[in-house]
Every structure is written in C-alpha cells, then in structure tokens.
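**Student:** Please find the sequence and the predicted model below.
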Amino acid sequence: MAGHSKFKNIQFRKGAQDKKRSKLFSKLAREITAAAKMGLPDPAMNPRLRTAVQAARAQNMPKDNIERAIKKSQEAGGANYEEVRYEGFGAGGVGVIVEALTDNRNRTASEVRSVFTKFGGNLGETGAVSFNFDRLGAIEFDIDKATADEMLEAAIEAGGEDVESGEEGHFVYCNPDELHQVAKALESRFGEPRAIQILWRPKSEVPIDEETGQKLLRMIDGLEDLDDVQQVYANFDVAEDVLQKLTAA
C-alpha cells in the first residue's frame, strides 16, 4: 500500500462532470433502478443497490427521488437496462473506458461511436484499453476528516489496498467485493464518506498538452452528455498549469 496523490486526473474528470450536474440525478436514478431490478429492491440485501443509494446520497439526491427510483424497478413494463462497456482511444492515444446502462444496445453503440469519431477518437475491441486499468472500489473523504497518515492507518486496518491523499481529499481503494465492509469500517471512524463507487483506475498515464487536453475534454463532455452513459474514465497525465486552464474553460 502507498499513500500518494493523483488528483490531477480526478480533478480534470470532475471539471467535466460538474458541467453536467443537471443530468446527474437522472443517471443516479437509472443506476438505482437497474440495481434494484437486477437483484432485490432492499439495499440491505442488495450490495449493488446499496452502493447506488450511497452514491446518490453523497450527491445530495433527495430521499423521495431515491425511493421513487427503487419503486420504478418493480413496475410492470419498465425498461430492462443492460450494462455495456465501450473501450477506445481519444486524442493523443489516451485510453478511454465508457460505462453505460441501456435498453437499446444499437442506439447506445451508435451514439458513443459518433462522439469518438467527432473528436478524432476511435472505438476498439473489448479489452483494448481496460488491461491498462484496475477495477477498484473507492471511498472518498473530505481532506479535513483525517490526516494522510490517519487515513492510511485506518485503511490498512479496514482491508483497503491503497490510499491517495491530496488537497482535494482522501481516496481509499479496495477490492470491489470488499467495498461495503471497508466503507463501513471507515465510516465508523470518520463519518459518512462523500462518495462510494466502483471505478477504473489507470495503471499508467499518457502525458498530454493543452491542445490535446481540450480535444479530450470535449470528447468526455460529449460522452457524459449521452443519456445512456454512466461513467467515463481516461488514462492521461497533464501539467498543473494546463489542468487549471482546462478546468476553467
């Protein structure tokens, strides 16, 4: 385990996500509905649903919205969402993973491919990009919840695998199958996390300049704007001054 920081990448992604907050609740609701439909409609008995509800609460989604999304999963004739993952390359050869929930694979594939093409990217085969990422559970805390050493010590005791601490906060990574146990142990010590999720973290990163970053950010924006797309991940590294320009744009 190591305590280090890669918040440039996280911050860059958040810059794109914050511009799409108007769509955030609908994406969270879709994940809740899909999780409830794939398993039991009780978060206590359905780990995926529990993660979805925790993620929604971390984004201050109203309780009524959460309950309505769960109830929707039990309605006759409702959409049956299927998980789909797309992998491809953006500007500068940056690897991109797109996760979607869809009731029409052909529509979603066409829309995702169109965005990649529009910004000079291209879709690849399954596995073409994901081999360069780790699939991890992640628990995020505000920086004032603990020192880097305190969070690292607590994460080790809770069964975490890695910690990244920086000005933006603390990220504790763990095996996805152990996400709820690790999160529960940390919550008992530091209070409720600001986010709990399962994500893709790059093993290595591609350095990019400002021009490439602009193209990449526009492509990520376009992908995240699609109704079926839930998450977008990319393996890039960018200098701090370039990052500030891109996130301010």
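**Tutor:** Sure thing, it's come through.
**Student:** The helix or strand containing Pro207 pairs with which strands, and in what direction?
**Tutor:** If you go by DSSP states H and E, Pro207 is part of strand 206-208. Strand pairing for strand 206-208, using DSSP bridges, gives strand 236-238 (parallel).
**Student:** Report the buried residues of whatever helix or strand Ala183 lives in.
**Tutor:** Applying DSSP H and E as the criterion places Ala183 in helix 179-190. Residues of helix 179-190 classed as buried by neighbour count (16 or more other C-beta atoms under 10 Å): Leu179, His180, Val182, Ala183, Ala185, Leu186, Glu187, Phe190. Bear in mind the C-beta positions are built from the backbone N, C-alpha and C, glycine included.
**Student:** now swap in stretch 188-199 and tell me
**Tutor:** Across stretch 188-199, burial judged by 16+ other C-beta under 10 Å covers Phe190, Pro193, Ala195, Ile196, Gln197, Ile198, Leu199.
**Student:** And stretch 110-125, by the same measure?
**Tutor:** For stretch 110-125, by 16+ other C-beta under 10 Å, it's Glu111, Val112, Val115, Phe116, Phe119, Gly121, Leu123, Gly124.
**Student:** And stretch 96-106, by the same measure?
**Tutor:** Buried, per 16+ other C-beta under 10 Å, within stretch 96-106: Val96, Ile97, Val98, Glu99, Ala100, Leu101, Thr102.
**Student:** before we move on, what about stretch 69-77?
**Tutor:** Ala69, Ile70, Lys72, Ser73.
**Student:** Which element is encountered next along the chain beyond the strand holding Pro207?
**Tutor:** Trace forward from strand 206-208 with DSSP H and E and the next one is helix 210-224.
**Student:** CA-only coordinates of that next one in PDB, if you can.
**Tutor:** What follows is helix 210-224, C-alpha atoms only, in PDB (Å, rounded to 0.1, in the frame of the first residue of the first chain):
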ATOM      1  CA  GLU A 210      -3.200  21.800 -23.600                       C
ATOM      2  CA  GLU A 211      -4.400  21.300 -27.200                       C
ATOM      3  CA  THR A 212      -4.800  17.600 -26.700                       C
ATOM      4  CA  GLY A 213      -6.500  18.200 -23.400                       C
ATOM      5  CA  GLN A 214      -9.000  20.500 -25.000                       C
ATOM      6  CA  LYS A 215     -10.000  17.800 -27.500                       C
ATOM      7  CA  LEU A 216     -10.100  15.100 -24.900                       C
ATOM      8  CA  LEU A 217     -12.200  17.200 -22.500                       C
ATOM      9  CA  ARG A 218     -14.700  18.000 -25.300                       C
ATOM     10  CA  MET A 219     -15.000  14.300 -26.100                       C
ATOM     11  CA  ILE A 220     -15.500  13.400 -22.500                       C
ATOM     12  CA  ASP A 221     -18.100  16.100 -22.200                       C
ATOM     13  CA  GLY A 222     -19.900  14.700 -25.300                       C
ATOM     14  CA  LEU A 223     -19.900  11.200 -23.900                       C
ATOM     15  CA  GLU A 224     -21.100  12.200 -20.500                       C
END
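**Student:** what sits up against stretch 71-89?
**Tutor:** 29-30, 32-37, 41, 95-103, 105, 108-109, 112, 116, 121-130 (C-beta atoms under 8 Å, 6 or more residues apart in numbering).
**Student:** All the helices of the protein, in order from the start?
**Tutor:** 7-18, 24-38, 47-58, 63-72, 105-118, 148-158, 179-190, 210-224, 240-248 (DSSP state H).
**Student:** Which secondary structure elements does the second one sit against?
**Tutor:** Counting contacts by 3 or more C-beta pairs under 8 Å, 6 or more residues apart in numbering; DSSP states H and E, helix 24-38 is packed against helix 47-58, helix 63-72, strand 95-102, strand 229-234.
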